[in-house]
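[1] Sequence first, predicted model second:
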Amino acid sequence: MRKFRLLFMGMILPLLSQAQETYPINGTADERTGTYAFTNATIIKDAETTLQNATLVIKQGKIVGINVTVPKEAVVVDCKGKFIYPSFIDLYSDYGVAPQATATLGGRGFGGFDRSSQFTSNTKGAYNWNQAIKPETNAFESFQLNEARAKELRAIGFGTVVANNQDGIARGTGALVALGSQKENMELVKEKVAAFYSFSKGTSTQDYPGSLMGSIALLRQTYLDAAWYKTKPATEGTNLSLQAWNDNLLLPQIFDIGNDKYNALRADKIAKEFGTSYILKATNDVYQRLDEIKATKATLILPLNYPAAMDVEDPNDARIVALADMKHWEMAPSQPAMVEKAGIVFTLTTAGLTNSNDFLTNLRKAITNGLSEKTALEALTKTPATLISAYDKVGSLDAGKLANFFIANSNIFKDSSSIFQNWVQGQKYTVKEEGWNDYRGVYTFSLNTKGIIKTYEAVVKGPVEKPAATLKAQGDTTTTNITFTVSDKLVKINWTSRADFGRQTNLSGIIGNDAWAGNGYLANGDVATWKMVFKNELPIDTVKASTDTTRRSSNGFAGGRRSQPSTLADVVYPFNGYGWKQAPKQEDILIKNVTVWTNEKEGRLENTDVLLKKGKIAAIGKGLSGGTKIIDGTGKHLSAGIIDEHSHIAATGGINECTQSVTSECRIADVINPEDINIYRQLSGGVTSSHILHGSCNPIGGQTQLLKLRWGMGPEEMKFANWDGFIKFALGENVKRSSSNSNNRFPDTRMGVEQVYVDAFQRAVDYQKMGTNKRKDLELDALVEILNKKRFITCHSYVQSEINMLMKVAEKFNFKINTFTHILEGYKVADKMKAHEVLGVSTFSDWWAYKMEVQDAMAYNASIMQKMGLTVAINSDDAEMARRLNQEAAKTVKYGDVPEEEALKMATLNPAIMLHVADRVGSIKVGKDADVVLWSDNPLSIYAKSLYTIIDGTIYFDREKDADMRKQIATEKARLIQKLLQEKRGPGGAAGMIRARPRLDELNECEEDRNHKKQILDRDDE
Amino acid sequence: MKRILTIALGLLLITAHAQETVYPAKPQAGVIALTNATVHIGNGEVIENGMIVFGGGKILDVRTTASISDAKVIDCKGKHIYPGLITSETDLGLNEINSTRSMSDVRELGEINTNIRAAIAYNSDSKVIGTLRSNGILLANIVPEGGIISGSSSVMQLDAWNWEDAAYKLDNGIHFRMPNLSSGRGRSGFGRTVGADAVDPLKAAMDRIDNVRKFFNEAKAYFAEAKHEHTNLKFESVKKLFERTQTFFIHAETVKEMQVGIELAKEFSFKTTIIGGTDSWKITDYLKENNVAVVVAEMHSLPLTQDDDVDQPYKTPYLLQQGGVLFAIADTHAESRGMNLMFNAGTAAAYGLTKEQALAAITLNAAKILGVDAITGSLEKGKDANIIISNGDILDMKSSKVTQAFIQGRDVSLDNKQKQLNERYKYKYGIK
């Protein structure tokens, strides 16, 4: 009994043949060579080479070779009919590193009312000021075996992974570890193989950064700081983080892009800026922007975490599910194929899967959807190994490499395939026993009862893992089905037959080398012995009829062979209902016989033609010809495109970096989201350009970005080219955090706000004087640009006292405030602003009384400022109102009798002037950009609708096409709902489904306390 | 004469710089006739070259302009006359400054607050009121918030010394706020991915609704009781709901929310109106069949989902009209504080409604929904003389300019804090 148990232990635990030499032996030395020969196998040496009927020899945890002479000391394992693959490699794994605390994505300082801030790192030791920068973290130092997890990974074919701490912005180094169960010393293959980064501050409790643009700014600044640290600045002392950062730069750089595909472009931009390149740990939806991502030339680590199907059986649930989400559900399994087709180098990871068992299933789905088996295998072996310079150790079955391989019953990329054993560094780990031996065939079965031998023919068939058998007595025609249970070498056989009146015969025995033999009781209770001897293979037709179709498929893996992909839906740009299959093209457009609001000295021209050519306004006049598209403008009005001076659309990850009073290092340009549906909605309201601002939660906010609303284009193409840089400042209640009872961030009063400015600009002046030999500070660089009139301020402002103050500060430092935005008390200091020569003032038309500092706001503000000779704009600061800015401008006619043409300028030419782009947009003038709107009516009328919104001569909104798109959305949605319902009815469908979820679009607001406007579905019930 | 007086008053205010001298108007003396105007009745009819005669606060006659004696005639040539506009849902007078706790009286503690009354907290001296009145909004339904039942609203007229003066119809309805029945939170941006719901939100919401059902069932039983040992104030305050002299206002947005709310109301045969009604256009048949009206609370909203028609909120009133549903339009915009009611209706007119239908949504239909159509909402003989005069189309900002307004025949001041600030700074800068 005791012996038995020991024997079992030996089978379960791996042999300790490679025990470390330094370790003392408690017992008798047991050194073994661990030499094995795996014979008769289909060996996939690498994605290029498949060898039939081959032999793999391993020794001491390494590969000796394929089809080499089998050494005498080798244990021979017959792998007839089996497939041997090099083990898979995962570059992005948290295996064996200490479990991470639940990540607090976004962390503190991200809304809410707790304003008690942590300004510096809580990490003890000589480390970086920011808690999310921890390049000194080394996965190899904390690596510990995790047998349960290793077992899961081995079961899906992995032999090594790059373990890394998935926490923080600079995450330190990852280690290549094997998935065996030996001492850590043996499983740690290579200590530092890559350095890891992300945009997520993870468990850092420090406030900064509180937004995506803050994370990006921090990364940028850290690159600069680390380079500066190489000069051993005395003022920095020892900074172990920066030291590690510099060391890590020599390693492959792996960047986790989190959950936003555009982060791939954002990360790549930083890489290029600092002369490095990232391997991007991607999302499951990068296929939605593949061209831009391909252009980065980055290698991708693709997850196989496809979105779960949503339950849309209830039509009211179906209504809230975005078409984009349904479509993504359908298309995500095609991503690897699309990435392959695009010629992008990639690897595959298990990261993101809640159940690692889904890995092979999803991999096979990728193959069904067009991924080639060859590329799939490379993505799991050679490619990752090469990326971390470990192809000399892992990634193929070449001599000298680690004996990391798995044995499968068939082509691993086919649904029916399963893994029997996964060998890690020459150690055997059993994944599954059943089916290892193929017992199928025709046998002679003899039953000996009381000396009488009865002979039968036994046919063993069915799936190799779970064969079934029939028994037919010699000379008889009737067959009896027998149950047949094999466990290791032990076998049980039972049957019942009518002849025995339904009673059961029970036999058991052992599978010997040349015969099966055992004993038991017959149905009538007689004692019997039995024996079964192999006679011949199953006839071919039986094999065909058998459920296992892979049994004799000796071809196995065929390099480059593709499965038939299912037809793919079209990717649209951007990936939502109103996206384009094909981007609209620039056209030469002639608009005939229209009322033209020129915004120039010509004023309003009746019955006039306007020709748009090559993206510019080419001619204005009567009886013009030319143009490939002619639009009849009779009874209609043409104006310059609407320009919104104050907008927060089309940005992601938060537009407020509230964690410090000065965050001029942050840039909206880094976080443009070209998929925001509000871009399209605003095009429908005639908006052609939007100035995307940082929020208003701190005195000096981030740098802004002017966009042209080129719907469907990527983030870079959305940007207004050759534009002077701007920056957002803010005053008043938001910056002093009036809504909080626990603010500890300076300033807390308007008195403090002044000193923040004076201090910041004084530091900038001093910094500028320091010359070139200094620590480059991105925050101060932006302020120096302001001092040097290279960057311009738009300042969120309400109350007259502080508006006046800011002008005085500017004058003290010899620059001017460019724009005061939504300046509701502007009318009180119109004379002072005029004297200061402010370039423009922008305001809400009629907002007031929503907080204390706007109790003196009034709808006559714009008209007073206009009458005082200031350049006045009407801005939105609101995604809904932005699409009615023409009407908002019209309110100045009601409140203050502003002439109609001047009113329209407040939403067109005047914002263009204050944004320094009036030379290109804002009026209808020959030579300017063809950014125009054709209105159904006087654009100042509530009844006016944009029929065409044109940017650079390209029609980005066409009211007729919009109607078509609505129909297409309905059709496409109906199709996908049916497909989802089909999925629900399918096998296991309902179980794998999740509740219908709306896609809540990110709605940014100026104020941090109102950071995301509640959507109807997300409203507060109380 | 009147005009001269107004100017004089204006001059006075420049130095006074306060709303405190904007006086509520005195009762109408004598008979006034407004002549030669385009008269928009409010029920869809328009009288060109029309005339309205009113005295003692009541409309005496509406007809094509004719000569009249014994009346003060105001020539309105080229102008448009409308019924005083009515906003069907607002926090006016309850919220002076919403973001400042001490200046907000809109949200009471508690879950079932049937006995809470908005009217008594209505601040008739609110600076916001004048900005509505000067735009032609003369009546407002003041609605409390908080709890699943917030209490009762009241219709107030916007020119008064105190809330009692202002009261036009007290406690016209009880407000039930439908819990959110959407079955899952979505995903949004950076760091905002919300995990799976711990509790089924639908179940939690249904439990709250069940609690309301229990309350009404017990209230019904309470009314059946001949004599009460303990008087229950909460039950007492819903008596008129059961008598159908008060409306059960259900604040709900999605189809399920509206249907669950309406079915609850049907159990007790309440007279029902939906407020909000974002998706009401999807169930017009059902609403019509059940005689349920809708107050579209905010026209200037973004569509519910990214796949929705970009102008869906703008055309919802048209779809309700097509479906034969009684509806009104309100303006609950938090930052412009309700002064754009007529432009909310104007947007509906731009997206399908006729101008007169859009006007009805902020006049007669609103009056019907609020239970005051017998005395106001249209320019018809016998009704209160709640009248506004505009230079042009009231629905279009290009021409919407109210020159005179009457509440119950009283010639009310169109002055307000903003106008005074405007005068103050025109004075400072010497702007004419």
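    Structure received. Computed from a predicted structure; not experimentally measured.

[2] for the chain, which helix is longest?
    Since no chain was named, I'll use chain A. Longest helix in chain A, counting residues (DSSP state H): helix A:959-985.

[3] To clarify, I was referring to chain B.
    When chain B is scanned for its longest helix (criterion: DSSP H), the result is helix B:201-224.

[4] Could I get the average pLDDT for the strand or helix carrying A:Arg266?
    Secondary structure from DSSP states H and E places A:Arg266 in helix A:262-273. Model confidence over helix A:262-273, given as mean pLDDT, is 98.

[5] That one vs chain B: in contact?
    No - contact of helix A:262-273 with chain B is not found when judged by Cβ under 8 Å from any Cβ of the partner chain; the minimum separation is 9.6 Å. Placement of C-beta: from N, CA and C, glycine included.

[6] hang on, the earlier thing: give the buried residues for the longest helix of chain B.
    In terms of neighbour count (16 or more other Cβ atoms under 10 Å in any protein chain shown), helix B:201-224 has its buried residues at B:Pro201, B:Leu202, B:Ala205, B:Ile209, B:Val212, B:Phe215, B:Phe216, B:Ala219, B:Tyr222.

[7] re the thing from before, who does the helix holding A:Arg266 touch, helix- and strand-wise?
    Applying 3 or more Cβ pairs under 8 Å, 6 or more residues apart in numbering or on different chains; DSSP states H and E, one finds that helix A:262-273 makes contact with helix A:212-229, strand A:253-256, strand A:278-281, helix A:290-295, helix A:715-718.

[8] deepest of those, which one?
    Each of the helices and strands packed on helix A:262-273 was scored by mean neighbour count; the highest is strand A:278-281, a mean of 26, by mean count of other Cβ atoms under 10 Å in any protein chain shown.

[9] elements contacting that strand?
    strand A:88-93, strand A:253-256, helix A:262-273, strand A:300-303.

[10] Need the residues that contact it.
    The contact list for strand A:278-281 (Cβ atoms under 8 Å, 6 or more residues apart in numbering or on different chains) reads A:91-92, A:194, A:197, A:252-257, A:264, A:267-268, A:271, A:293, A:296, A:298-301, A:303, A:349, A:351, A:387.

[11] any idea how far that strand is from the chain center?
    Here strand A:278-281 is found 11 Å from its chain centre; the criterion is Cα atoms, centre = their mean, to the nearest Å.

[12] List the neighbouring strands of it plus their orientation.
    Strand A:278-281 sits in its sheet next to strand A:253-256 (parallel), strand A:300-303 (parallel), going by DSSP bridges.

[13] got the domain boundaries for chain B?
    Following automatic domain parsing, chain B resolves into domains at B:23-84+B:378-414, B:85-185+B:196-376.

[14] Redo those domains as TSV? Include distance to chain A.
    As requested, the domains of chain B are arranged in TSV below (distance: least, Cβ to the nearest Cβ, whole Å):
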stretch	distance to chain A
domain B:23-84+B:378-414	5
domain B:85-185+B:196-376	4
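
[15] out of those, nearest to A:Val596?
    The minimum distance between A:Val596 and the domains of chain B falls on domain B:23-84+B:378-414, with 18.4 Å, by Cβ to Cβ.

[16] pLDDT averaged over that closest one, what's the number?
    Domain B:23-84+B:378-414 comes out at a mean pLDDT of 97.

[17] repeat for stretch A:940-950
    98.

[18] Distance from the chain centre to that stretch, please.
    Taking Cα atoms, centre = their mean, one finds the center of stretch A:940-950 at 38 Å from the center of the full chain.

[19] which ones are touching A:Leu300?
    Residues near A:Leu300 by Cβ under 8 Å, 6+ apart: A:Ala264, A:Ile279, A:Leu280, A:Lys281, A:Ala282, A:Val286, A:Ile293, A:Val339, A:Ile344, A:Val345, A:Phe346, A:Thr347.

[20] Return the distance of it relative to chain B.
    A:Leu300 is 21 Å from chain B, where distance means Cβ to the nearest Cβ, to the nearest Å.

[21] Make sure A:Arg763 is indeed in a helix.
    Yes - counting by DSSP: H, G, I helix; E, B strand; the rest coil, A:Arg763 is found in a helix.

[22] Can you name the next helix or strand after the strand or helix carrying A:Pro384?
    Here A:Pro384, judged by DSSP H and E, is contained in helix A:382-387. Proceeding N to C from helix A:382-387, the next assigned helix or strand is strand A:405-408, under DSSP H and E.

[23] Mind giving me the packing neighbours of the helix or strand following that next one?
    The helix or strand immediately downstream of strand A:405-408 is strand A:419-424, counting by DSSP H and E. Under the contact criterion of 3+ Cβ pairs under 8 Å, 6+ apart, strand A:419-424 touches helix A:147-155, strand A:158-163, strand A:405-408, strand A:427-430.

[24] if you set the cut-off to 7 Å instead, what comes out?
    When contacts are defined as 3 or more Cβ pairs under 7 Å, 6 or more residues apart in numbering or on different chains; DSSP states H and E, strand A:419-424 packs onto helix A:147-155, strand A:405-408, strand A:427-430.

[25] mind checking which of the ones you listed is nearest B:Ala348?
    That would be helix A:147-155 among the helices and strands packed on strand A:419-424, by Cβ to Cβ, at 59.1 Å.

[26] So for residue 176, what pLDDT did the model give?
    I'll assume chain A. Looking at A:Leu176, its pLDDT reads 98.

[27] think we crossed wires, I meant chain B
    98.

[28] Likewise for A:Gly107?
    For A:Gly107, the predicted pLDDT is 41.

[29] Equivalent analysis for the one 3 residues further on, please.
    The predicted local distance difference test score for A:Phe110 is 40.

[30] do the same with A:Lys629
    As predicted, A:Lys629 sits at a pLDDT of 97.

[31] wouldn't B:Ala121 be in contact with B:Val106 here?
    No - at 8.2 Å, B:Ala121 does not count as touching B:Val106 under the criterion of Cβ atoms under 7 Å.

[32] Now do the shared contacts for these two.
    Taking Cβ atoms under 7 Å, 6 or more residues apart in numbering or on different chains as the criterion, B:Ala121 and B:Val106 both touch B:Leu94.

[33] give the contact list for residue 47.
    All of this refers to chain A. Counting by Cβ under 7 Å, 6+ apart, A:Ala47 touches A:Lys374, A:Leu377, A:Glu378, A:Thr381, A:Lys382, A:Gly559.

[34] My question was about chain B, not that one.
    By Cβ under 7 Å, 6+ apart, the residues touching B:Ile47 are B:Val39, B:Thr64.

[35] Within the helices and strands, which one has it?
    Counting by DSSP H and E, the element that carries B:Ile47 is strand B:46-55.

[36] Just the buried positions in that strand, please.
    Neighbour counts using 16+ other Cβ under 10 Å place B:Ile47, B:Gly50, B:Met51, B:Ile52, B:Val53, B:Phe54, B:Gly55 of strand B:46-55 among the buried residues.

[37] ditto for stretch B:422-432
    For stretch B:422-432, by 16+ other Cβ under 10 Å, it's B:Asn422, B:Glu423, B:Arg424, B:Tyr425, B:Lys426.

[38] ok, now stretch A:301-309?
    By 16+ other Cβ under 10 Å, the buried positions in stretch A:301-309 come out as A:Ile301, A:Leu302, A:Pro303, A:Leu304, A:Asn305, A:Tyr306, A:Pro307, A:Ala309.

[39] the helices in the stretch 101-250 of chain B, which residues?
    Using DSSP state H, counting those that start in this stretch, the helices of the stretch 101-250 of chain B run over residues B:127-133, B:163-166, B:201-224, B:233-236, B:239-242.

[40] Confidence-wise, which of those is weakest overall?
    helix B:201-224 - the lowest mean pLDDT of the helices of the stretch 101-250 of chain B, at a mean of 93.

[41] I would like the residues contacting that one, please.
    The contact list for helix B:201-224, computed with Cβ under 7 Å, 6+ apart, reads B:112, B:148-149, B:176, B:179-181, B:183, B:228, B:232, B:235, B:238-239, B:242, B:260, B:264, B:267-268.
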